[in-house]
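Peer 1: Predicted model and sequence below, questions to follow.
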Amino acid sequence: MLLRLYNRYFSKDKDFVEKLRPLLGFTPSHLRLFKLAFSHRSSPTDSSKSYAIQNNERLEYLGDAVLGTIVAEYLFKKYPDSDEGFLTKMRSKIVKRNSLDRLGDKMGLDVFLSENINLRLSKSMLGNAVEALVGAIYLDRGYPKTKTYVIQKILRKYLDIHELERIDDNYKSQLLECCQKHGQSVAYKLVARYKFEKRDRFKVAVLVNGERVAIADDFNKKSAEQTASEKAMISLGILSEEEEED
């Protein structure tokens, strides 16, 4: 309590605290965690520290696990009569990369990231910051407080859970079904595998009747296939860009 009061009124970072309070709903005790949550690998570095503690990647790793657990528990209690398959699909819709990117944008995390990043902000930076923020809150306040924050300040504030129920975001399955109806074959080809931000990244092409229709890349091969399928559906006129944005 005393540390939070100090951070709010006497700390040299009290301006940062005042920006954080509307986002968090509380004054954090460990400000360095939240500064780190908004520090990308492109941020100015301190040569006295190792690479691993200069950016938000470790917090992102932790937040990913905590967020997944909270969302799983939330869905488990919200849908007591739903089976494992439904719950898994709903969780995926919430925590998948594109969803987190949109959440980061709605939460206004670009305001915090732009102060620490030398490069143009990308959508993935926003999604990564959501996970890192959850990780920071978990270390600062513990699991119960983090769960309350995620449910009240993220899920209920920025997501229409009932709208998600009706959305079928398995573009790979949709593309396959549609092409099969027209006697067309669908195949996926790994075009390249390379390192980006010290992680493996996969570039995948989708071919319809042997012809390349779309290409996409992601840190996960399955995610790259889904994005390529989505692009292919837009290219083939099966899905409009307006529908995709909605």
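Peer 2: Yep, it's here. Since this is a predicted model, take the numbers as computed values, not measurements.

Peer 1: correct me, but residue 194 touches residue 201?
Peer 2: Yes - here residue 194 reaches residue 201: they are 5.7 Å apart, a contact under C-beta atoms under 8 Å. Where you see a C-beta, it was placed from the backbone N, CA and C, and this is true even at glycine.

Peer 1: who has more neighbours, these two?
Peer 2: Using other C-beta atoms under 10 Å, the more surrounded residue of residue 194 and residue 201 is residue 201, with 16 against 10.

Peer 1: Assign that one to one of the three secondary structure states.
Peer 2: strand (DSSP: H, G, I helix; E, B strand; the rest coil).

Peer 1: Same check on residue 217?
Peer 2: Going by three-state DSSP: residue 217 is strand.

Peer 1: Contact partners for it?
Peer 2: 192, 201, 202, 203, 204, 224, 227 (C-beta atoms under 8 Å, 6 or more residues apart in numbering).

Peer 1: Quick one: mean pLDDT over stretch 37-46.
Peer 2: Mean pLDDT, computed over stretch 37-46, is 70.

Peer 1: The longest helix along the chain: which residues count as buried?
Peer 2: With secondary structure taken from DSSP state H, the chain has its longest helix at helix 57-78. Buried residues in helix 57-78, counted by 16 or more other C-beta atoms under 10 Å: 57, 59-60, 62-64, 66-68, 70-72, 74-75.

Peer 1: and residue 214, what are its phi and psi?
Peer 2: Here is the backbone geometry of residue 214 (degrees, to the nearest 10): phi -160, psi 160.
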